[in-house]
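A.B. asks: this one's structure only:
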């Protein structure tokens, strides 16, 4: 049985808002955060953390379908893999 686990990562970002103000940037960052969580949720229950190549096969088309460009999609599943791998390898689950 796997129990739900919350992981919080804080990131400092300095950015210049594009034309049109900061709203489009904030919308993108929210979508990016949600996409990382989507991938984390998709691989969390697996016994082994998939390779980046396997993540590409599984998630690239889905992320591209959501409107992410190739380099964003790649960074999304790379980050999700880092999060899952770090939590599982460092025994952070034993705290819960």
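C.D. replies: Now that the structure is in, tell me what you want to look at. None of the values given here were measured: they were computed from a predicted structure.

A.B. asks: and the next element down the chain from the longest helix belonging to the chain?
C.D. replies: Across the chain, the helix with the greatest residue count (assigned by DSSP state H) is helix 23-44. Reading on from helix 23-44 to the C-terminus, the next helix or strand found by DSSP states H and E is helix 52-65.

A.B. asks: spatially central residue in the protein, please.
C.D. replies: Centroid-nearest residue in the chain, with CA atoms, centre = their mean: residue 36, separated by 1.9 Å.

A.B. asks: would you confirm that that residue contacts residue 81?
C.D. replies: No: using CB atoms under 8 Å, residue 36 is not in contact with residue 81, being 10.0 Å away. Every residue, glycine included, has its C-beta placed from N, CA and C.

A.B. asks: the residue nearest to residue 64 when sequence neighbours are not counted: what's it in contact with?
C.D. replies: Distance criterion CB to CB, 6 or more residues apart in numbering; nearest residue to residue 64, sequence neighbours excluded, is residue 73 at 5.9 Å. Applying CB atoms under 8 Å, 6 or more residues apart in numbering to residue 73 gives the contacts 59-60, 63-64.

A.B. asks: for those residues, which one is nearest residue 10?
C.D. replies: When the contacts of residue 73 are compared for distance to residue 10 (CB to CB), residue 63 wins out at 23.2 Å.
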